[in-house]
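Chemist: Have a look at this prediction, sequence included:
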Amino acid sequence: MLEFGNENEEIIDAPFVIEMSDNGDNELRIIIALSARGSKEENIFDDSPEINKILANSCPIYEDMENLYEIIFENYILYQCRNESYTSYDNREVRKGNYLIIFEKSRLLDYYEDVIFDFDYESEKSHRKHYGIYTQRHIIDVISNNEPVINKIQDCLEIYKNKRRDLEMKKYDYVTLRERPELKEKSAKWFSSKWGVPEEAYLECMDAYLSGETEYGWYMCLDGDKIIGGLGVIENDFHDRKDLSPNVCAVYTEEEYRCQGIAGNLLNMVVDDMKAKGITPIYLVTDHTGFYERYGWEFFCMVQGDGEPDMTRMYIHR
């Protein structure tokens, strides 16, 4: 079990903050996910041997959603969240622990004692500590008289993941083209504008899906009548491994709507739909690293894109 002030061997790399909430009754709840390492890969940048040499022993890191922990501070005194990129190390402070820190000497705690009117009894003050949670993108500082409670989210893991997904999906409408066939022309035009592929190519695939000729579908996220995200499934996404099919293609989210889980929800939607139809595994090609792993995809191999000078990455969802 994780513990503040200990080495916490379970935490190999800095964890990720998944959620932080203050319930209004002086209870702070933070959910973290341990980090997981992807596979090492060679020649990530075909045109940059120097960078490949630097990255030769590196691997992507992403959230391990099978290892979630909640940290609860009851009756906290104060907390702050800092961007890790703008945080410097202060050698005047004394820390104990690995990623879940207890400060034995803290400038924040000294500052608090100097400037805040405090009506706590001396017995309570004797238990006061500065706790630090050091994660991939955030550093969270908490001052509390009470020790935090740490629980591993186990039996409720799927409930939590589904609840979070349901909340995200309630913001917008997620539909298949069969549910909204009147969007065919609008969708083809939208996909074409994002990827430079002729509308006719999309219309041909969509017509085959709508007529029942294929179960390879098209999926959109709508904000009202506006398409803000989408993807499709086709036999082959223009690469030399014709045996690796079908392929998820044309994954795109409008820039102003990114970082809201839209692409992830669409990916989960297509995986669930394909599995329900007995179509598994499915594949996709991408230049991204560390993103698709969050949604259960695994790096599979490198493939050669049609007419492309460089190899690209192929992922699989089993």
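Modeler: On my side now, so go ahead.

Chemist: Note down every partner strand of the helix or strand where residue 81 lies and its orientation.
Modeler: Taking DSSP states H and E as the criterion, the element that holds residue 81 is strand 76-83. Next to strand 76-83 in the sheet, as set by DSSP bridges, lie strand 138-144 (antiparallel).

Chemist: any idea of the mean pLDDT for the strand it pairs with?
Modeler: Average pLDDT, strand 138-144: 94.

Chemist: could you point out which element follows it?
Modeler: Toward the C-terminal end, the helix or strand that comes next after strand 138-144 (DSSP H and E) is strand 149-153.

Chemist: residues in contact with that next one?
Modeler: Contacting residues not belonging to strand 149-153 are listed as 1-4, 31, 67-72, 74, 100, 160 [C-beta atoms under 8 Å, 6 or more residues apart in numbering]. The way it works is simple: take the backbone N, C-alpha and C, and place the C-beta from them, glycine included.

Chemist: mind listing what's buried in that strand?
Modeler: Residues 150, 153 are the ones in strand 149-153 that count as buried (16 or more other C-beta atoms under 10 Å).

Chemist: Give me the distance between that strand and the centre of its chain.
Modeler: Remark: strand 149-153 is offset 21 Å from the chain centroid, using C-alpha atoms, centre = their mean, to the nearest Å.

Chemist: send the alpha carbons of it over as CSV?
Modeler: Only the C-alpha atoms of strand 149-153 are listed here, as CSV (Å, rounded to 0.1, in the frame of the first residue of the first chain):
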residue,chain,number,x,y,z
VAL,A,149,-6.1,8.2,3.9
ILE,A,150,-4.9,6.3,0.8
ASN,A,151,-7.2,3.6,-0.8
LYS,A,152,-6.6,1.5,-3.9
ILE,A,153,-9.6,1.7,-6.1
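
Chemist: and that strand, which strands flank it?
Modeler: Strand 149-153 has its sheet partners listed here by DSSP bridges as strand 61-74 (antiparallel).

Chemist: what does the next helix or strand after the strand holding residue 81 rub up against?
Modeler: Next helix or strand after strand 76-83 toward the C-terminus (DSSP H and E): strand 94-96. With contact meaning C-beta under 8 Å, 6+ apart, strand 94-96 is reached by 5, 101, 102, 103, 104, 105, 132.

Chemist: same question, stretch 15-27
Modeler: Outside of stretch 15-27, the residues within contact range by C-beta under 8 Å, 6+ apart are 28-35, 63, 68-69, 72-76, 79, 81, 99, 133, 135-138, 140, 164.

Chemist: Got a quick ChimeraX command for the buried subset of the residues you listed?
Modeler: Remark: buried members of these, expressed as a ChimeraX selection using 16+ other C-beta under 10 Å:
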select :28,30,31,32,33,34,35,63,68,69,72,73,76,79,81,99,133,135,136,138,140
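
Chemist: what ranges do the helices span in this structure?
Modeler: 49-54, 107-115, 122-125, 157-170, 184-195, 199-210, 262-276 (DSSP state H).

Chemist: okay if I get these as TSV plus mean pLDDT?
Modeler: As requested, those are exported to TSV (pLDDT from 0 to 100):
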stretch	mean pLDDT
helix 49-54	75
helix 107-115	82
helix 122-125	61
helix 157-170	61
helix 184-195	97
helix 199-210	97
helix 262-276	94
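
Chemist: do you know how far the closest residue to residue 68 other than its chain neighbours is from residue 229?
Modeler: Counting by C-beta to C-beta, 6 or more residues apart in numbering, residue 68 lies nearest to residue 153, which is 4.2 Å off, once chain neighbours are set aside. Residue 153 sits 28 Å away from residue 229, going by C-beta to C-beta, to the nearest Å.
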